[in-house]
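S.K.: Could you look at this predicted model? Sequence included:
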Amino acid sequence: MKVLLLGTAAGGGFPQWNCACRMCAAGLPARTQDCVAISADGTGWYLVNASPDIRAQILSAPQLAAGPGPRDTPLRGALLTDAELDHALGLTMLREGTDLQVWAPQAVSGALRTDFPVREIVSRYGDWQWHDAAGTFPVGGLSVTAFPVSDKKPKYVRSTADGPWVVAYRISDPAGGSMVYAPCLKTWPDGFDELIEDASCVILDGTFYSPDEMSGATAKGVASGAQRAMGHIPIAGPDGSLAQIARHPGKRWVYTHLNNTNPILDPDSAQYKEVLAAGAEAPPDGTVIEI
């Protein structure tokens, strides 16, 4: 199985267009918004989330280049972890794609029919097939298990439908190897240890380094409680993901969905050195992981 990190930043990307905070002004390497592509054979590829940057991400990845026919593409479909705009807006950029397959939790699929009617929009361009992401199901020669992690709804959603509204995916290759993709974790949920138990690689929510990171990072102060309410477990601290990683040695740990305020965006920072020392990493856009 091949995993291509198309984008590794949180919503808004890095640097963020309307921000002059210390990190955005530091001249560090840019990152596009969170999205990966997976393939069992290196020929057919499936997106996991579809970011607003998807066009640039596809064009920057030789693996996803169109061809050999004039309208051929190796993209076969997409899986959505949630209905957040930074994970679903890119679907509109794929509207020219015919016969794409999309998997999403039932509540997410419903929101994309009513609150943000992307399903209706793209249906005017091609015959997409939508599937419920629940339990374990096959995707392009891989086995995918959806694991509910949160009932946090996007701000734009008015629906009162039961969740899950956010899932993680465990993706396994019958030939051997598996990875877990969890870019949005509010907490370290019950059952998550079992989900990742024998996974070769875990791609994890790295939105914030600390629980009070956004306070003072911009002109508008943000309380730590409000930051946690955004639905992202911090990396550091006794309740952070780094403490959990220590209990699972021997895996490849990758942080993604990095907010523009996160100090680990600076590879020379003390915070990133701490992440590396713990056995984790935050690789750049374009990284290929072979499992």
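M.R.: Great, that's in hand.
S.K.: CA atoms for contacts and neighbours, from now on please.
M.R.: Will do.
S.K.: Check the gap between residue 273 and residue 23 for me.
M.R.: When Cα to Cα, to the nearest Å is applied, the distance between residue 273 and residue 23 equals 17 Å.
S.K.: what's the answer for residue 13, then?
M.R.: Counting by Cα to Cα, the gap between residue 13 and residue 23 amounts to 12 Å.
S.K.: shared neighbours of these two, anything?
M.R.: Each of residue 260 lies in contact with both residue 13 and residue 23 under the rule Cα atoms under 8 Å, 6 or more residues apart in numbering.
S.K.: Compare residue 273 and residue 23 (neighbour count), which wins?
M.R.: Between residue 273 and residue 23, counting by other Cα atoms under 10 Å, residue 23 is the more crowded of the two (21 against 16).
S.K.: count of neighbours near the closest residue to the more buried one other than its chain neighbours?
M.R.: The spatial neighbour of residue 23 that comes closest, neighbours along the chain excluded (Cα to Cα, 6 or more residues apart in numbering), is residue 261 at 6.0 Å. Other residues near residue 261 number 23, with proximity taken as other Cα under 10 Å.
S.K.: May I ask which helix or strand encompasses residue 261?
M.R.: Of the helices and strands defined by DSSP states H and E, none includes residue 261.
S.K.: Hmm, residue 214 and it touching each other?
M.R.: Yes: Residue 261 is in contact with residue 214 according to Cα atoms under 8 Å; the separation is 6.7 Å.
S.K.: Point out where the stretch 101-250 of the chain drops to low pLDDT.
M.R.: Per-residue confidence of the stretch 101-250 of the chain (counting by pLDDT under 70) places the weak regions at 216-228.
S.K.: coming back round to it: where's the residue nearest to residue 23 relative to residue 235, distance?
M.R.: If you go by Cα to Cα, the gap between residue 261 and residue 235 works out to 13 Å.
S.K.: do residue 286 as well
M.R.: Using Cα to Cα, one obtains 23 Å as the distance from residue 286 to residue 235.
S.K.: Same drill for these two, tell me which one is more crowded.
M.R.: residue 235 (26 against 18).
S.K.: surely the more buried one meets residue 212?
M.R.: No: contact criterion Cα under 8 Å: residue 235 and residue 212 do not qualify, at 11.3 Å.
S.K.: From the structure, what's the count of residues near residue 45?
M.R.: Taking other Cα under 10 Å as the criterion, the count of residues near residue 45 is 25.
S.K.: residue contacts, it?
M.R.: Taking Cα under 8 Å, 6+ apart as the definition of contact, the neighbours of residue 45 are 37-39, 64, 74-77, 140.
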